[in-house]
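Engineer: Provide a 3D model corresponding to the input given below.
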Amino acid sequence: MMQQIFRNGSVRGEDIPYILGLPIVGGGSFFPHNYSHADAQISKTVITYLSNFVKRGDPNTVQPYQANFVQERSSYNMGIPYWDTYDNINQFYLEIAVQ
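Structural biologist: Numbers count the residues shown, from 1 in each chain. As a prediction, the model looks like this:
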């Protein structure tokens, strides 16, 4: 009888395929996986936060994109939650997951 293992948080390196956008393109040879539409949305959200932070120092900044990618990429920032600033008093963090 198999027992289902429940875990809290992220296993080390489990976020790498999402950062690389593999769920968006259907996986890769090193990360074979049957990604769902929800996985692709999570990947888009993670990439949006990271690219905004790298470009502007704020993960919540909406970035203007090049004209040939406007339709596809403009939806990346729609509907993603505001990522509050972490401080020692409130200790806000953002959990990105499929509900």
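Engineer: Apart from its neighbours in sequence, what residue is nearest the residue nearest in space to the middle of the chain?
Structural biologist: Averaging the C-alpha coordinates of the chain gives a centre point, and the residue nearest to it by CA atoms, centre = their mean is V46 (2.1 Å). Spatial nearest neighbour of V46, excluding adjacent residues (CB to CB, 6 or more residues apart in numbering): Y18 at 4.9 Å. To be clear about C-beta, it is placed using only N, CA and C from the backbone, and glycine gets the same treatment.
Engineer: correct me, but the one you found touches A40?
Structural biologist: No. In this structure Y18 lies outside contact range of A40 using CB atoms under 8 Å: 9.3 Å.
Engineer: So which elements touch the top helix by length along the chain?
Structural biologist: If you go by DSSP state H, the chain has its longest helix at helix 37-56. Here helix 37-56 is seen to pack against helix 16-20, helix 22-25 when contacts are counted using 3 or more CB pairs under 8 Å, 6 or more residues apart in numbering; DSSP states H and E.
Engineer: How much space separates the residue nearest to T61 when sequence neighbours are not counted from D15?
Structural biologist: Closest residue to T61 in three dimensions, ignoring its sequence neighbours and counting by CB to CB, 6+ apart: N52, at 4.7 Å. Look at N52 and D15: by CB to CB, to the nearest Å, they are 17 Å apart.
Engineer: This completes my enquiry, with thanks.
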